[in-house]
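Visitor: Fold the following, please.
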Amino acid sequence: MQLLSSRRWRAAAASAAALALVLTGCSSEDSFSYTPPAQVDGSLPDDTVASMQAAVDNALVASGATGAIVGVWVPWSGSWVTAVGTQDRDGGGEISTDMSFRIADVTRLMACDVLYALADEGTLELDANVADYVSGVADMREQGVTLLDLCNGTSGAGSSEPTTKTALLNTPDRIWAPLELAGYGLARPRVDPGTTFRDSDAGYLLLGLALERATGMTASELIAEYVTDPLELTATSLPGPAPAAPGDDPMKGHFLPAVEGGFTCAAPNDITTISSSSGFTDSGAVSTIDDLGRYIQAEARDALRGADAKPDRFGSPLPVSEKGPSWYQATGGAYLVGSMVGQHGWVPGYATSAYSDPATGFTVAVVLNDSTAGSRFAQQLSWELAAIASKAPAASGQTAPEFGLPFTAEQYHQSIADAAITCVEPPAE
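Guide: Alright, predicted model coming up:
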């Protein structure tokens, strides 16, 4: 008996479903539609924009990035979508809001979207053991690690990033096998599964392999079928593994060479072209700022699932760390920051952060075109922008909801400035 469904079975099922739709006079488009929250058509107030512009400028200086693309949507007040800076350190090349970029760990949310969709339709079980679908992880069977643990970050596995970071930056054209990449994290000391959140890229790499095995489809096809097509994200995808830029009109990505005492900020390395296999279902997807905003707004509301779908994906979060603030939690592939749901992360060349409040639709998305400092500056910039924009007054005829965040803009503005990378002159030749 074959445990796992195959592409042939899925194709037959799809054909039968299509025939049924024809016979009943329905269309497949009737099965799902997404309508974003109502949004005031217009810019945010000038004072709010000026404060946000100062926040972006501060983050660019601190991070060493040459450019940023930012989207802030405040449904009761207006929006601000802008591109700041240039493609290169010498001032060459304007950045536009239409440019594509890598969305880093936001990809994790998409992998979990697929997991829940397959569970909801009965293709697999959330509590299925990882070893049922992925070879080479027999110890996970013994430990009782489930597919849901991979999504929630509770598998107990460590992170591959500390081992692979240098290789990812120095060999961007390398095509990685997901299990090989995950292996570095799996080799690290484990914690008991189901009890503690760990920021484990290895877990999301394994999740992608499990989803492929369960369906006979590639991860790229699964994300298209269950995420980007239903939400009409036409500029968002998980590309194939061949080394490529993140789209036909990309924002360039960089990292700064490390030297004694700091970094050579005057000569960033261009790493726009890499293989998506270096991130796969952990961090390999690409998008644009409008698509990213639309996606994270839908994601925070769990809009891809039915209103009564169980279990509640974001209902049982765990603390991100023992020493962190109580309002900073994680589950379902997401971080929960106060009332906002989202993700942040980095891949070679890019640092990305996107968060949304499910009750109001309030949404912030940010990308910086430099990954030298990891995700820190994008993460904190998005939170600073959120704190600023959350206080935007209601536009004429609108009413501002009761909405607040457990931190201040000043807090993260200062934190970003204090963490600024150190630029040093390159050694004389």
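Visitor: contacts, neighbours, all on C-alpha from now
Guide: Noted.
Visitor: Bridge partners for residue 84, pull those for me.
Guide: On the basis of DSSP bridges, residue 84 is bridged to residue 68.
Visitor: go on, residue 318?
Guide: Bridge pairing for residue 318 - DSSP bridges - gives residue 330.
Visitor: That one touches residue 329, doesn't it?
Guide: Yes. Contact status for residue 318 versus residue 329: in contact at 5.3 Å, counting by Cα atoms under 8 Å.
Visitor: which residue ranges form the strands in this structure?
Guide: 67-74, 78-85, 100-102, 254-255, 258-259, 262-263, 269-270, 286-288, 318-319, 328-331, 334-337, 340-347, 350-356, 363-368 (DSSP state E).
Visitor: Could I get these in CSV, plus columns for distance to residue 109 and mean pLDDT?
Guide: Shown next, in CSV, are the strands of the chain (distance: least, Cα to Cα, whole Å; pLDDT from 0 to 100):
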stretch, distance to residue 109, mean pLDDT
strand 67-74, 19, 98
strand 78-85, 23, 98
strand 100-102, 14, 98
strand 254-255, 25, 98
strand 258-259, 32, 94
strand 262-263, 32, 96
strand 269-270, 27, 97
strand 286-288, 13, 98
strand 318-319, 16, 97
strand 328-331, 10, 98
strand 334-337, 6, 98
strand 340-347, 8, 98
strand 350-356, 11, 98
strand 363-368, 15, 98
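Visitor: nearest to residue 230, of these?
Guide: strand 286-288 (15.4 Å; Cα to Cα).
Visitor: residues making contact with the closest one?
Guide: 97-104, 235-239, 246-247 (Cα atoms under 8 Å, 6 or more residues apart in numbering).
Visitor: what do you get for stretch 327-340?
Guide: 108-109, 112, 151-153, 197, 300, 313-314, 316-320, 341-343, 355-358, 405-406.
Visitor: quick one: which of the contacts of strand 286-288 is nearest residue 182?
Guide: Using Cα to Cα, those come closest to residue 182 at residue 104, 16.1 Å.
Visitor: What about the nearest residue to that closest one once chain neighbours are set aside, how many residues nearby?
Guide: The shortest distance from residue 104 to any non-neighbouring residue, by Cα to Cα, 6 or more residues apart in numbering, is to residue 283 (4.1 Å). By the criterion of other Cα atoms under 10 Å, residue 283 has 27 neighbours.
Visitor: if I read this right, residue 283 contacts residue 105, doesn't it?
Guide: Yes. Under the criterion of Cα under 8 Å, residue 283 makes contact with residue 105 at 4.5 Å.
Visitor: Give me the common contacts of these two.
Guide: residue 346.
Visitor: Please produce JSON lines containing the strands of the chain, extended by mean neighbour count.
Guide: Below are the strands of the chain laid out as JSON lines (neighbours: other Cα atoms under 10 Å):
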{"stretch": "strand 67-74", "mean neighbour count": "26"}
{"stretch": "strand 78-85", "mean neighbour count": "20"}
{"stretch": "strand 100-102", "mean neighbour count": "29"}
{"stretch": "strand 254-255", "mean neighbour count": "26"}
{"stretch": "strand 258-259", "mean neighbour count": "14"}
{"stretch": "strand 262-263", "mean neighbour count": "18"}
{"stretch": "strand 269-270", "mean neighbour count": "17"}
{"stretch": "strand 286-288", "mean neighbour count": "25"}
{"stretch": "strand 318-319", "mean neighbour count": "20"}
{"stretch": "strand 328-331", "mean neighbour count": "22"}
{"stretch": "strand 334-337", "mean neighbour count": "24"}
{"stretch": "strand 340-347", "mean neighbour count": "26"}
{"stretch": "strand 350-356", "mean neighbour count": "31"}
{"stretch": "strand 363-368", "mean neighbour count": "31"}
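Visitor: between these, which one is nearest to residue 159?
Guide: Of these, nearest to residue 159 by Cα to Cα is strand 340-347, at 13.2 Å.
Visitor: Which residue ranges of the stretch 201-350 of the chain form helices?
Guide: 201-215, 219-223, 280-283, 289-300 (DSSP state H, counting those that start in this stretch).
Visitor: Can you tell me which helices and strands the longest one packs against?
Guide: Right, the one you point to is helix 201-215. With contacts taken as 3 or more Cα pairs under 8 Å, 6 or more residues apart in numbering; DSSP states H and E, helix 201-215 sits against helix 106-120, helix 147-152, helix 178-186, helix 219-223, helix 280-283.
Visitor: which other residues reach it?
Guide: By Cα under 8 Å, 6+ apart, helix 201-215 touches 4-7, 10, 108, 111, 114-115, 123-124, 130, 133-134, 147, 150-151, 153, 155, 157-161, 178-179, 181-186, 218-219, 222, 279-282.
Visitor: Can you show me the CA trace of that helix as PDB?
Guide: This file holds the C-alpha atoms of helix 201-215, laid out as PDB (Å, rounded to 0.1, in the frame of the first residue of the first chain):
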ATOM      1  CA  ASP A 201      16.300  26.900   9.700                       C
ATOM      2  CA  ALA A 202      16.900  23.100   9.600                       C
ATOM      3  CA  GLY A 203      13.300  22.500  10.600                       C
ATOM      4  CA  TYR A 204      11.800  24.400   7.700                       C
ATOM      5  CA  LEU A 205      14.100  22.800   5.300                       C
ATOM      6  CA  LEU A 206      12.900  19.400   6.500                       C
ATOM      7  CA  LEU A 207       9.300  20.600   6.300                       C
ATOM      8  CA  GLY A 208       9.800  21.400   2.600                       C
ATOM      9  CA  LEU A 209      11.100  18.000   1.900                       C
ATOM     10  CA  ALA A 210       8.200  16.400   3.800                       C
ATOM     11  CA  LEU A 211       5.700  18.400   1.800                       C
ATOM     12  CA  GLU A 212       7.300  17.400  -1.500                       C
ATOM     13  CA  ARG A 213       7.300  13.700  -0.500                       C
ATOM     14  CA  ALA A 214       3.700  13.900   0.600                       C
ATOM     15  CA  THR A 215       2.400  15.300  -2.700                       C
END
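Visitor: No more questions from me, cheers.
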